[in-house]
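Participant: Here is a sequence together with a model predicted from it:
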Amino acid sequence: MASPQVDVLIVGAGPTGLAAALLLARRGVAVRIVDGATEPNVYSKALAVNSRTLEVLQETGVADRIVVEGWAVKGASLHERDREVLALDLPAALGVRQAMTVLPQARTEALLADALQAQGVTVERGATLLALAQDESRVTATLRHADGRQEQAQSRLLFGADGARSATRHALRLDFAGSNLPEPWLLWDIGMQTPLDPWRAHVLFEPAGFIFVLRLAGATWRVIGNTADPLATLRRYGTLDGVAWQSQFHIGHRVAARAGVGRVALGGDAAHIHSPIGARGMNLGIEDAYVFADCAADALAGDMARLRDYAVLRHAVHRSVVRRIGAITRLVHGRTPWLRRVRDGVIPLAGHLSFARELMLRTVGGLDHPLKVHP
Ligand SMILES: Cc1cc2nc3c(=O)[nH]c(=O)nc-3n(C[C@H](O)[C@H](O)[C@H](O)COP(=O)(O)OP(=O)(O)OC[C@H]3O[C@@H](n4cnc5c(N)ncnc54)[C@H](O)[C@@H]3O)c2cc1C
């Protein structure tokens with residue numbers, strides 16, 4: 001079955017696809033957004049919304065809602081052998097409204113979907129991209145609906161925001177080069193009574209790795225660690241009770257060979273993945289959405305070179321962010337005794353050097369590169 005042509009078909013209704021749909025719809029572009037999942041995601045990988053995201057979502061009203069619903073992280077503390085060895089204060093140093101706001105990803109997605117709905121666009125769920133083809137004037141996507149029906153969906157442009165295993169990226173036959181860390185990282189959302197400052201993120205350096213601790217809401221904390229038993233370590237910092245969510249995940253650092261081909265572009269995890277250290281994945285995807293909306297609107301108005309601008313601008317940003325987060329991850333990971341010595345000695349010292357401190361703060365705020373919509 002063939003369907004009428006829209007301006008932009010967005011594949012994937014995670015934070016990247018929702019933000020792209022919203023920003024395009026607000027410009028009067030006819031968008032359609034589909035997602036293979038029949039229900040919205042209820043689990044939240046991302047918790048931290050950074051300053052760059054608040055900047056790009058400001059015009060939509062969603063930034064204000066995130067700030068009202070979430071809470072502002074005051075800073076980050078680094079602990080070694082149960083002692084705080086470095087404290088970084090976030091907003092004051094960056095001179096921005098909020099460097100980092102804690103709001104579970106499922107709520108950020110819900111706020112984006114509500115704002116999109118207010119523009120008259122509803123996410124079409126249970127619609128999975130199987131294949132795509134493009135010619136000089138349009139893209140044809142083969143979608144499979146939940147009832148088994150197949151549709152040939154036509155659009156002038158397509159934005160693939162369909163996550164790390166992106167069918168869009170596969171259809172474009174783009175490499176996703178990079179590497180994976182060998183061990184799984186463990187995650188808990190768990191109740192904790194602790195003297196740790198609840199308004200700060202905490203990183204605990206351990207001989208066998210690291211543990212990251214951030215309060216989610218109330219007395220529930222997010223714990224991520226790559227040691228054998230992070231909860232055993234955490235009991236030195238407080239008493240634990242009631243696991244709300246437990247999971248594990250594998251870390252890869254990969255960038256798609258290109259961020260777009262012809263009338264098809266990639267954004268979010270479809271184009272780049274890296275460790276959650278620095279809290280960049282969702283935020284970088286929302287920034288992709290912002291730049292794509294600007295370039296796509298110009299392309300739809302006749303300036304097709306703007307699609308190439310998107311691909312060139314974003315590929316450079318993806319490569320540099322993934323490279324930086326990969327290097328920080330290897331250091332924090334401290335897998336070899338030599339790296340551990342560097343980590344335990346250099347990071348606390350670097351935190352007292354103003355340029356290194358500024359770079360750390362800009363990295364977590366998403367402000368380590370300018371927001372460019374033109375080359
Ligand atoms: C433990 C953990 C903590 C994290 N913390 C943070 C953080 O604090 N801050 C941050 O910025 N990032 C964080 N991240 C990363 C963040 O969660 C991801 O980068 C983010 O979800 C990517 O959003 P996305 O929209 O690009 O892709 P996704 O969220 O993966 O969404 C892709 C969507 O596409 C749909 N889809 C997939 N295939 C198809 C198909 N063929 N057809 C149709 N639909 C399809 C899926 O159903 C899904 O809804 C964290 C990640 C992890 C693992």
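Facilitator: Thanks, I have the structure now. Numbering: from 1, shown residues only.

Participant: residue contacts, residue 75?
Facilitator: Applying Cβ atoms under 8 Å, 6 or more residues apart in numbering, we find residue 75 in contact with 87-90, 199-201. Placement of C-beta: from N, CA and C, glycine included.

Participant: repeat that for 10 Å
Facilitator: By Cβ atoms under 10 Å, 6 or more residues apart in numbering, residue 75 lies in contact with 86-93, 99-100, 197, 199-201, 361.

Participant: Quick one: name the residues of the stretch 1-150 of the chain near the ligand.
Facilitator: Contact residues (Cβ under 6 Å from any ligand atom) of the stretch 1-150 of the chain with the ligand: 11-17, 34-37, 45-48, 105, 128-129.

Participant: Now with 5 Å, please.
Facilitator: By Cβ under 5 Å from any ligand atom, the residues of the stretch 1-150 of the chain that approach the ligand are 11-12, 14-16, 35-37, 45-48, 128-129.

Participant: mind giving me the domain ranges of this protein?
Facilitator: Domain segmentation of the chain under automatic domain parsing yields 6-71+101-180+252-333, 185-249.

Participant: Could you export those to CSV, including columns for mean neighbour count and mean pLDDT?
Facilitator: Output for the domains of the chain, formatted as CSV (neighbours: other Cβ atoms under 10 Å; pLDDT from 0 to 100):
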stretch, mean neighbour count, mean pLDDT
domain 6-71+101-180+252-333, 20, 96
domain 185-249, 17, 93
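
Participant: quick one, which of these is nearest to residue 371?
Facilitator: Nearest to residue 371, of all the domains of the chain, is domain 6-71+101-180+252-333, at 6.8 Å by Cβ to Cβ.

Participant: Quote the end-to-end distance of that closest one.
Facilitator: Taking Cα to Cα, to the nearest Å, domain 6-71+101-180+252-333 runs 46 Å from one end to the other.

Participant: wait, which of the contacts of residue 75 is closest to residue 57?
Facilitator: Of the contacts of residue 75, the one sitting nearest to residue 57 (Cβ to Cβ) turns out to be residue 100, at 14.4 Å.

Participant: quick one: the nearest residue to that closest one once chain neighbours are set aside and residue 208, what's the gap?
Facilitator: Spatially, and ignoring its direct neighbours in sequence, residue 100 is nearest to residue 73 (4.3 Å; Cβ to Cβ, 6 or more residues apart in numbering). For residue 73, the distance to residue 208 equals 26 Å [Cβ to Cβ, to the nearest Å].

Participant: Show me which residues of the stretch 251-375 of the chain are close to the ligand?
Facilitator: For the stretch 251-375 of the chain, the residues in contact with the ligand (Cβ under 5 Å from any ligand atom) are 268-269, 276, 279, 281-283, 285.

Participant: returning to what we had before: now, which of the contacts of residue 75 lie within strands?
Facilitator: Using DSSP state E, 86-89, 100, 200-201 are the members of those that sit in strands.

Participant: Considering those residues, which possesses the most neighbours?
Facilitator: When neighbours are counted by other Cβ atoms under 10 Å, residue 100 leads these with 30 neighbours.

Participant: who touches that residue in this structure?
Facilitator: 47-51, 53-54, 70-76, 90-91, 94, 201, 214, 279, 283, 361, 364-366.

Participant: hey, what's residue 176 bridged with?
Facilitator: For residue 176, the beta-bridge partners under DSSP bridges are residue 256.

Participant: what's the spacing between it and the ligand?
Facilitator: Here residue 176 is placed at a distance of 13 Å from the ligand (Cβ to the nearest ligand atom, to the nearest Å).

Participant: thought that residue was touching residue 318?
Facilitator: No: look at residue 176 against residue 318 with Cβ atoms under 10 Å: they stay out of range, at 11.2 Å.

Participant: So residue 208 sits against residue 336, correct?
Facilitator: No: with contacts counted by Cβ under 10 Å, residue 208 stays clear of residue 336, the gap being 11.8 Å.

Participant: picking up where we left off before, count the residues that sit near the residue nearest to residue 100.
Facilitator: Using other Cβ under 10 Å: residue 73 sits among 25 other residues.

Participant: Ok, the one 10 residues further on next?
Facilitator: Residues contacting residue 83 under the criterion other Cβ under 10 Å number 7.

Participant: so who does it touch?
Facilitator: Counting by Cβ under 10 Å, 6+ apart, residue 83 has no contacts.

Participant: how close does it sit to residue 56?
Facilitator: In terms of Cβ to Cβ, residue 83 sits 38 Å off from residue 56.
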